[in-house]
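Asks: heads up, no residue letters with this:
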DNA sequence: CGTTAGGTATGATGCAGGTCGTACCTGGGA
DNA sequence: TCCCAGGTACGACCTGCATCATACCTAACG
């Protein structure tokens, strides 16, 4: 697991938001790729999921018609303890579940 | 403190190395800018320190003749607890972000 | 005072990355 | 069966960034 790749992946707002929402989900199950409200087009979203995959942060299961992602929580907690807490922390304090404005 | 800026700053090997060494220093004092062995020229090093400064990770004190940097340890630990541990962990385990000649 | 060493400012350059349009593929309805 | 919705692949565009050369600045030291 390469810290450089991980940090580069998490430097982008959209990607950080995806990981944060996955990390904040207590169920820790899969989530449809389309269920994330990202301010980008389809092709860009595909690109972001690829970057997260190659950084080792998520795994993606293909269903032919649609696909779902899930967080590599165990690997992350083992190699980078505390990282997910940082992301969920930003979710709660900053642009948390209650979005104060529709920026972006 | 912007997580995006912080992660973008730490995505670079040279910058991550600087912060990691500062974090690993128990004395927690200033350190001369030139004391870091980075595989880049002067101008590039100046650029890296600027990025780290603007991310809020370090402060830089100018001496006219030379300058020194110190880690904003308190701010970082308060806003991003656990982050410095990740960096020092990389230093210890991997021997750190080594200077690979073909950078990246 | 002149030289030297450490930093900065500025501009150029090459490359990586974010964004999108388009074409294509797949499975599930109507 | 035909069409649509969700994803991917590919290419293009453009911005940002890491890097460097060069010129300049400041303090220390002979």
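Replies: Alright, I've got the coordinates. This one's a predicted model, so the numbers in the text were calculated from it and none came from an experiment.

Asks: So which bits of chain A are right by DNA strand C?
Replies: A:8, A:11-12, A:14, A:40-44, A:47-48, A:51, A:63-65 (C-beta under 7 Å from any atom of the strand). (C-beta placed from N, C-alpha, C; glycine too.)

Asks: Now, the residues you listed that are in helices?
Replies: Residues of the residues of chain A next to DNA strand C located in helices (DSSP state H): A:8, A:14, A:42, A:43, A:44, A:47, A:48, A:51.

Asks: Can I have the buried ones of those residues as a PyMOL selection?
Replies: Buried subset of these, written as a PyMOL selection, criterion 16 or more other C-beta atoms under 10 Å in any protein chain shown:
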select buried, chain A and resi 8+14+48+51
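
Asks: The ones in helices among the residues of chain A next to DNA strand C also near chain B: which ones?
Replies: residue A:8 (C-beta under 8 Å from any C-beta of the partner chain).

Asks: Closest one to residue A:57 out of the ones in helices among the residues of chain A next to DNA strand C, please.
Replies: Comparing those against residue A:57 with C-beta to C-beta places residue A:51 closest, at 8.9 Å.

Asks: how near is the closest one to chain B?
Replies: 12 Å (C-beta to the nearest C-beta, to the nearest Å).

Asks: I'd assumed residue A:15 was in contact with that residue.
Replies: Yes. Using C-beta atoms under 8 Å, residue A:51 is in contact with residue A:15, at 6.3 Å.

Asks: Find the residues that touch each one of those two.
Replies: Shared contacts of residue A:51 and residue A:15 (C-beta atoms under 8 Å, 6 or more residues apart in numbering or on different chains): residue A:9.

Asks: helix or strand for the most centrally placed residue in chain A, which one?
Replies: Geometric centre of chain A, nearest residue: residue A:19, 2.0 Å, by C-alpha atoms, centre = their mean. Taking DSSP states H and E as the definition, residue A:19 sits inside helix A:13-24.

Asks: What average pLDDT does that helix get?
Replies: The average of the pLDDT scores along helix A:13-24 is 97.

Asks: got a list of what the residue in chain A that chain B sits nearest to touches?
Replies: Closest contact between chain A and chain B, by C-beta to the nearest C-beta, is at residue A:82 (2.8 Å). The contact partners of residue A:82, taken as C-beta under 8 Å, 6+ apart, are B:81, B:82, B:83, B:85, B:86.

Asks: on that earlier part again, point out the least confident member of the residues of chain A next to DNA strand C, please.
Replies: residue A:64 (80).

Asks: ok, the residue nearest to the centre of chain A - contacts?
Replies: Taking C-beta under 8 Å, 6+ apart as the criterion, residue A:19 is in contact with A:10, A:52, A:57, A:58, A:71, A:84, A:87.
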